[in-house]
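Engineer: Need a 3D model of the sequence below.
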Amino acid sequence: MSRAVVARSIVAVVSVLALAACDVLKPAPDPRYPRQSAGCDVVTFPDGPKVIADNLGSVRAECDARTTDEECLRQLEDEVCKLGGDVAWGVPAKPKEIGGGQKVLEARAAHTHISGTGARFKSP
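Structural biologist: Just a heads-up that it's a prediction; the model follows:
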């Protein structure tokens with residue numbers, strides 16, 4: 001076998017392993033808070049949540065120029081719903097322009113804490 005063939009084989013194997021690791025390293029959904037349908041009720045906060053909440057992870061909505069800021073926010077809230085959340089915190093007032101007519105909103109998803117179910121978070 002030539003060195004080029006061996007090198008291509010190694011690159012292919014490493015690439016497959018890296019892609020598999022990305023899926024494996026995602027945090028598991030919190031079983032206390034099952035996935036909700038798009039359009040679920042989500043309370044947003046520009047800073048930390050003003051309620052005791054369990055963090056579920058990061059959420060992101062990428063929107064194009066035709067999408068209004070309100071629609072982009074709803075897309076972000078729908079990502080919170082997918083994680084089983086009812087709270088989005090760290091939500092900026094407006095989406096960030098990322099070029100090419102694209103804009104993005106990023107925040108943290110959480111669910112209002114259910115008493116007696118583990119870790120809690122409350123902003124100061």
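Engineer: Please enumerate the strands of the chain.
Structural biologist: 43-45, 53-64, 87-89, 96-99, 102-112 (DSSP state E).
Engineer: Mind telling me which of the ones you listed the model trusts least?
Structural biologist: With a mean of 92, strand 96-99 has the lowest mean pLDDT of the strands of the chain.
Engineer: returning to that earlier point: buried deepest among the strands of the chain, which one?
Structural biologist: strand 87-89 (a mean of 24; mean count of other C-beta atoms under 10 Å). Glycine gets a C-beta too; all of them are placed from N, C-alpha and C.
Engineer: how about the strands of the chain, which one is nearest Leu73?
Structural biologist: Leu73 lies closest to strand 102-112 among these, at 6.4 Å (C-beta to C-beta).
Engineer: and Tyr33, what is it in contact with?
Structural biologist: Asp54, Leu56, Leu83, Gly84, Gly85, His111 (C-beta atoms under 8 Å, 6 or more residues apart in numbering).
Engineer: Tabulate these (CSV), appending distance to Glu62.
Structural biologist: Below are those laid out as CSV (distance: C-beta to C-beta, whole Å):
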residue, distance to Glu62
Asp54, 26
Leu56, 19
Leu83, 17
Gly84, 21
Gly85, 19
His111, 23
